[in-house]
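[1] Dropping a prediction and its sequence here:
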Amino acid sequence: MACLCAAEAAPGQDIAWLIPEEAPLEELTRKGADARLITRSADDPEALAEGFPRGDQFVLPECYDFGPAQLLEWLQAREISTVATGGQLRLPESSPAMHEILLPLIESCGVKMRTDHALIEVSAKPEGGFWVTVTGEKTLRCEKLILAGDTQNIGRLCHICEDLDHSVERPQPSLSTFVVQHPALQAIQHEILPEATLSLPHLDLKATGTLEILPWGLAGAAVLDLSCLGARALNTVKDMPIRVAW
């Protein structure tokens, strides 16, 4: 998306996409990947920002700049059809997968896709612009730089941003399941409550949403939201009491 928007906003400029993998958007072709998921289904920016319980106030301005309405306009302008189902905005099953749609668009904009170019180091030039070192000790020069992080390279990007004198609040992973060792749960195979409230009294945090009850613990939207809110504290302790309002 960054390459597409940059290329469309500045036609004729030399734009390169540096890709650490052997193929662009390789992660969408891996087993288990959901290559038709676009985003959460939402009608307004505030509803979309609710999907980020730990950082909703930070992403909300960006959601107003390019939120649900702008995304739908962007997709419709490129004749990309969508369906809203299960709280998600998706590509229909009859359409090509996401990478099969995006890659031709990127190629048509003239973006140079350079695979096997993992980012190693970035240094700012005194006169402006950057030197970018990638795999194989190759050094590239650019005037403007967009850093796009994922779970594979976020640690490296944090170091690079700090080397460029930015302050970085390092991300902390949240938990998708709370392991609860309790005899009452062991006989339950899989039950879903449409709404329950979970709280962590020691952290003064609570969240309400769908709750899945499993033999080994709790999952669902309520767990995800609560885990996001308390991620930093939860990663520093082994055990913590949890309260459930059924």
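    Okay, I see it. Numbers count the residues shown, from 1 in each chain.
[2] what helix or strand is the spatially most central residue of the chain on?
    Centroid-nearest residue in the chain, with CA atoms, centre = their mean: residue 150, separated by 7.2 Å. Using DSSP states H and E, residue 150 sits in no helix or strand.
[3] Now it: closest residue in space, sequence neighbours ignored.
    residue 27 (7.7 Å; CB to CB, 6 or more residues apart in numbering). For glycine as for every other residue, the C-beta is placed from the backbone atoms N, C-alpha and C.
[4] Test my guess that the one you found contacts residue 20.
    No: using CB atoms under 8 Å, residue 27 makes no contact with residue 20, being 10.5 Å away.
[5] list the contacts for residue 145?
    Residues near residue 145 by CB atoms under 8 Å, 6 or more residues apart in numbering: 122, 130, 132.
[6] between the residues you listed, which is nearest residue 105?
    Using CB to CB, residue 132 comes nearest to residue 105 of the contacts of residue 145, at 24.1 Å.
[7] Neighbouring strands of the helix or strand containing the closest one in the sheet, and parallel or not?
    In this assignment (DSSP H and E), residue 132 forms part of strand 130-134. According to DSSP bridges, strand 130-134 has the following sheet partners: strand 119-124 (antiparallel), strand 138-142 (antiparallel).
[8] of all the ones you listed, which lies closest to residue 182?
    Comparing the strands paired with strand 130-134 under CB to CB, the one sitting nearest is strand 119-124, at 45.3 Å.
[9] Show me which positions of the closest one end up buried.
    119, 122 (16 or more other CB atoms under 10 Å).
[10] Could you give the average pLDDT over it?
    Averaged across strand 119-124, the pLDDT comes to 93.
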